[in-house]
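> After the sequence you'll find the predicted model.
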Amino acid sequence: MAASVISSEGEKIALNMQKAAAKIGSLMEKSPDINEFWLLLDGVDSGFSIDAIEDLKRGLFDTIFEMYPDKEIYIIVSANEDEMARGEMCFDVVNCRYVNIKSYDRYRKIVMKSREYKDARIEAAVKRNEAKEEAEAPDEDEEDDEMETGSLRDSIDKIWKKKR
């Protein structure tokens, strides 16, 4: 625990990956009849140096594949480092295909294209929400109708029904 408190971000990730490796090994041993495993790892490269990323890829990922050659193992990693993607088959979410990353420029191009796609989806969602809110907004004539006399309960019911 003390090492974790004073460790850098990269060192904390390395400690967490050691714990994850033990859990993965335990899971494989406890599940001999299961042949397909999906490992989802998010942000494992944050704070890692290039050599630490290489250690993770070769030391953990390759070891998993070597130790369990009879199992279908899929390792899904979200990463912001081109070093994590270098030499690996990566899934291009925009074009829905696998690509091999051989250079930083290629990595950057794919990430920026993905960002354009994400920005377009966000803009479309904002426009849909604005149109929905505009369609649901009461007309000025309807606001006058709310001024009818009646009990407080009637007024609350009308407001509640409109918002619902």
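Sure thing, it's come through.

> Packing partners of the longest helix along the chain?
Looking across the chain with DSSP state H, the single longest helix is helix 104-136. Secondary-structure packing of helix 104-136 (3 or more Cβ pairs under 8 Å, 6 or more residues apart in numbering; DSSP states H and E): helix 82-85, strand 89-92. C-beta: built from backbone N, CA, C; applies to glycine.

> Pick the most deeply packed of the ones you listed.
For those, the largest average neighbour count (mean count of other Cβ atoms under 10 Å) is found in helix 82-85, namely a mean of 21.

> which residues are in contact with that helix?
Helix 82-85 is contacted by residues Val44, Asp45, Ile50, Ile53, Glu54, Lys57, Val77, Ala79, Ile101, Tyr104, Tyr107, Arg108 when judged by Cβ atoms under 8 Å, 6 or more residues apart in numbering.

> tell me the mean pLDDT over that helix?
Helix 82-85 carries an average pLDDT of 87.

> what does stretch 32-42 give?
Throughout stretch 32-42, pLDDT has a mean value of 90.

> try stretch 45-61
On average, stretch 45-61 scores 84.
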